[in-house]
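A.B. asks: Return atomic coordinates for the entry below.
(one chain, ligands or ions: 2)
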Amino acid sequence: MHIEAKELTKIYGGGENRVTALDRASLTIAPGDFISIMGPSGSGKSTLLHLLSGLDRPTAGQLTYDGRDIYSLSDRELSAFRRRRIGFIFQQFRLLPVLTARENIIMPLLLDKKQPDEGYLQELSRMLGIHDRLTHLPHELSGGQQQRVAIARALIARPDSIFADEPTGNLDSRSGGEVMELLKTVGRELGKALVVITHDSRIAQMADRQFMIVDGVLSEVTAK
Ligand code: ADP
Ligand code: MG
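C.D. replies: Ligands and ions are numbered 1, 2, ... in the order given. Alright, predicted model coming up:
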């Protein structure tokens, strides 16, 4: 899927409280691209990710997926689109505590009234090293294992693109590094576009294309 963002702008509040969280950000994402976006706290990283993935709508600007303007979709159409085409990974893992790893992983399919493909679930679990943890509850898993379950959940519906907002932010540097290596490998093997937000330069450097965002202004730092 080819994603093209043109001059995305997000302004929160008005009057004295007006904040330009994102200022005319443009970027194209080709199928299979691995992109990192780095910037200090409050620079607009999450705002950008929410706009690129259709979780929020911009104040101005355009976003197309394979030429289709996705903000022209209704909220309902947009959420169905996200469920089928986009995988999300969050800093806080966001696993449901009363469900097993396996149940958490297949949740996006259940929400879409689809049956899980057992073979694919096993393949993902094996790639992510959690195949012997599927019947465990989240609190029985380490942080790194919980995030690997969340990665499997992001991939189970076979989306084209994965968006991760500080996926290692709650992990120590060793398990964070392992999780990123796995995410990169799995993304590459399955041919997914991967957009990772981080404030860790070591993680940003793992990407093929690196962007910086400062005060809502996005720029590419990799040489073209
Ligand atoms: P980052 O993810 O880089 O830490 P954010 O995208 O969350 O930054 O926020 C960018 C700016 O927009 C910050 O100044 C933040 O306070 C502001 N902001 C974010 N969300 C809202 C909101 N819902 N209402 C008002 N201001 C917001
Ligand atoms: Mg953020």
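A.B. asks: helix/strand/coil for the most centrally placed residue in the chain?
C.D. replies: Residue closest to the mean C-alpha point of the chain, counted by Cα atoms, centre = their mean, is Phe163 at 1.5 Å. At Phe163, secondary structure determined by DSSP: H, G, I helix; E, B strand; the rest coil is strand.
A.B. asks: quick one, what contacts it?
C.D. replies: Counting by Cβ atoms under 8 Å, 6 or more residues apart in numbering, Phe163 touches 49, 52-53, 86-89, 195. The C-beta positions use only the backbone N, C-alpha and C, and glycine is treated the same way.
A.B. asks: Most widely separated two among those residues?
C.D. replies: Spanning the widest gap among those are Leu52 and Ile89, at 13.9 Å by Cβ to Cβ.
A.B. asks: about what we covered before: and of the contacts of Phe163, the nearest to ligand 2?
C.D. replies: Taking Cβ to the ion as the measure, ligand 2 sits nearest to Leu49 out of the contacts of Phe163, at 7.7 Å.
A.B. asks: close enough to count as contact, that closest one and Thr198?
C.D. replies: No. In this structure Leu49 lies outside contact range of Thr198 using Cβ atoms under 8 Å: 11.1 Å.
A.B. asks: can you list residues touching both of those two?
C.D. replies: Ile37.
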